[in-house]
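Novice: Okay, structure incoming, though there's no sequence with it:
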């Protein structure tokens, strides 16, 4: 049982980590292009900031899976 | 409020002789957007010659304005166009100010030259260089600034050229020295090349007659004299500014208003004796305009509503206190005049989501104080955000009470006794909150589809309207399927409604094509996206709890108390600012992406009123 609980915790961690890595890669790509746009058009910085946060849904998926695992495993 | 103002296109037909008075009255009213007359039976009005006269006078006044120093403007009063033009001709300020400006420039130039010479002479005094030597044919002098790092290498190189070279140096700053090289003039050319290669910034030595120290004293006297003269010119300029500033602004305003009126008339259609103008107006203003026209010219004018293929411009129909939320909606796009304006819904839902995320009484109060500071000290977009934050701090405090969170503590922890039992403590009710946020997502997304249905139905597009309703059908089937098969909380008999999902799928395909069908999984991701309300809220709470656990000052130890208090406050301030920004961006994002995408197209054109903007004058007759 302890092994199962431990594996669930690891699984939850992987779920969150995977989401964060995916989000980080996506936001890095968008942010890099966004900085180029801001360098030419500073007035677009608000819009760039908005587009940068769109991929954060990916980390939310990881969070939801992690929460579901932890609830199922009785960790919370 | 849910839709922009209703506009109609009007046509005003009047006599050419009455054009000026009609344009003047409509301009002062300011409720029309004049458009190009589309009646092909009429010719386009040509630009009146008078317009170029007006524009010349405006350029003259702008030139005068640029030379004067701004002053306080007296109370506005009315000036007629005739008087304004006459006064422009009387003003002979242009030449006077140009002479003053030329004199000022000459003084500035002389001051700069004297300062440069003073600097160079100071170097000669510092290095005790006899000016007669500079004129000598046997010696070459080079003076300039160079980086300290390059100097040793440069000296080495110059010594290879000739051993009869004398170097004097003095520090200018940490990185640079000022250096004088004096060498046999036979090697002058080679030395000059090396100095250029090493990056020496040369200072040109002037031909000096007399002793540098005496010359310096003379220059100082001259600089003082120049300063006095410049002050005198400035006084003269200030006197002229005090006398004419207000008048120049008033004349310029009157002429600019007339210029706008004359330019607008170029959009009218004309015959020999009549003119026709077309404009967009708010439907509610029709009676007012009718009265204005009849008061101006009696019955010699026809006002009628016409049909148009042009897209009407957009005029918001929201109360003034919603304008910060309007700015946030416009961040995506201005609504079209014939679609729903989401500002009111945004103004209700955004603070709700924000409050659910930040959800802390202490942070709510602090964010309110911070917002008030931002509102007082800033303007424009930042001020709008400050107002939005101020509104949103109210649900933050309410949810803080519901979650029992007070800067990361519970009220019982602060007071030492239980006052109330929190209905929904976040840390202990994650599963419940997960369900609540998903339910919120379902409601919000469904509302979006319903609004999309209304938009399409109002435009007469029945296929797309049915498509939007079908999305709700698919959504319902997904929810029922999940509740029957995964969560097992619904009787399996409900599974019999699932085939209706295929019917809904068909209508989606009809309305949106294959892309609509391919986008079906986004429904699940859109709804699950709302769980970020829980994620961000819990992460903010977790940080607050860690700060309280690690950095809470202990009053029993004075040293630790003094050390930890600023750290504790700084950490909570950091968490507050992080929470405020994250909650703002994520709440806005949920509205923009998951909600607006269901019904909002945007891309409207702002209503540009034909309006006399008066700051320094008032309309005649008032």
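Specialist: Received the coordinates, thanks. Fair warning: this is a prediction, and the values are worked out from it, not measured in the lab.
Novice: Dihedrals phi and psi, the nearest residue to residue B:256 once chain neighbours are set aside?
Specialist: Spatially, and ignoring its direct neighbours in sequence, residue B:256 is nearest to residue B:58 (6.1 Å; Cβ to Cβ, 6 or more residues apart in numbering or on different chains). Glycine gets a C-beta too; all of them are placed from N, C-alpha and C. Backbone geometry at residue B:58, expressed as degrees, to the nearest 10, gives phi -60, psi -40.
Novice: Would you state the helices of chain A in chain order?
Specialist: Ranges of helices in chain A, per DSSP state H, are A:2-40, A:45-53, A:57-72.
Novice: Point out the most buried one among those helices.
Specialist: With neighbours defined as mean count of other Cβ atoms under 10 Å in any protein chain shown, these peak in mean count at helix A:57-72, which reaches a mean of 20.
Novice: so what secondary structure elements neighbour that one?
Specialist: Using 3 or more Cβ pairs under 8 Å, 6 or more residues apart in numbering or on different chains; DSSP states H and E as the contact test, the elements touching helix A:57-72 are helix A:2-40, helix B:430-458, helix B:521-528, helix B:532-551.
Novice: can you tell me if the first one touches chain B.
Specialist: Same thing as helix A:2-40. No - contact between helix A:2-40 and chain B is absent, the nearest approach being 9.8 Å (criterion: Cβ under 8 Å from any Cβ of the partner chain).
Novice: Report the rounded mean pLDDT for that helix.
Specialist: On average, the pLDDT along helix A:2-40 is 90.
Novice: Residue most distant from the centroid, chain B?
Specialist: Most distant residue from the mean C-alpha position of chain B: residue B:138, 65.0 Å away (Cα atoms, centre = their mean).
Novice: Now that residue. Nearest residue, chain neighbours left out?
Specialist: residue B:185 (5.7 Å).
Novice: Tell me, how many residues neighbour that neighbour?
Specialist: The number of residues packed near residue B:185 is 14, by other Cβ atoms under 10 Å in any protein chain shown.
Novice: repeat for the one 3 residues further on
Specialist: Here the count is done by other Cβ under 10 Å, and residue B:188 has 14 residues near it.
Novice: For it, what are phi and psi?
Specialist: The phi/psi pair for residue B:188 (degrees, to the nearest 10) reads phi -50, psi -50.
Novice: from memory it sits against residue B:141, does it?
Specialist: No - when contacts are counted by Cβ atoms under 8 Å, residue B:188 is not listed as touching residue B:141 (9.4 Å).
Novice: Could I get the contacting residues of residue B:371?
Specialist: The neighbours of residue B:371, taking Cβ atoms under 8 Å, 6 or more residues apart in numbering or on different chains as the test, are B:386-387, B:389-390, B:393.
Novice: For the one residue in the stretch 201-350 of chain B that gets nearest to chain A, which non-adjacent residue is closest in space?
Specialist: Relative to chain A, the nearest point of the stretch 201-350 of chain B is residue B:331 (6.3 Å; Cβ to the nearest Cβ). Distance criterion Cβ to Cβ, 6+ apart; nearest residue to residue B:331, sequence neighbours excluded, is residue A:46 at 6.3 Å.
Novice: ok, the residue nearest to residue B:409 when sequence neighbours are not counted to residue B:355 distance?
Specialist: Among residues not flanking residue B:409 along the chain, residue B:548 sits closest, at 6.2 Å (Cβ to Cβ, 6+ apart). Distance, residue B:548 to residue B:355, by Cβ to Cβ, to the nearest Å: 21 Å.
Novice: and what of residue B:140?
Specialist: Distance from residue B:140 to residue B:355, by Cβ to Cβ: 79 Å.
Novice: Which of these two has more residues huddled nearby?
Specialist: residue B:355 (26 against 19).
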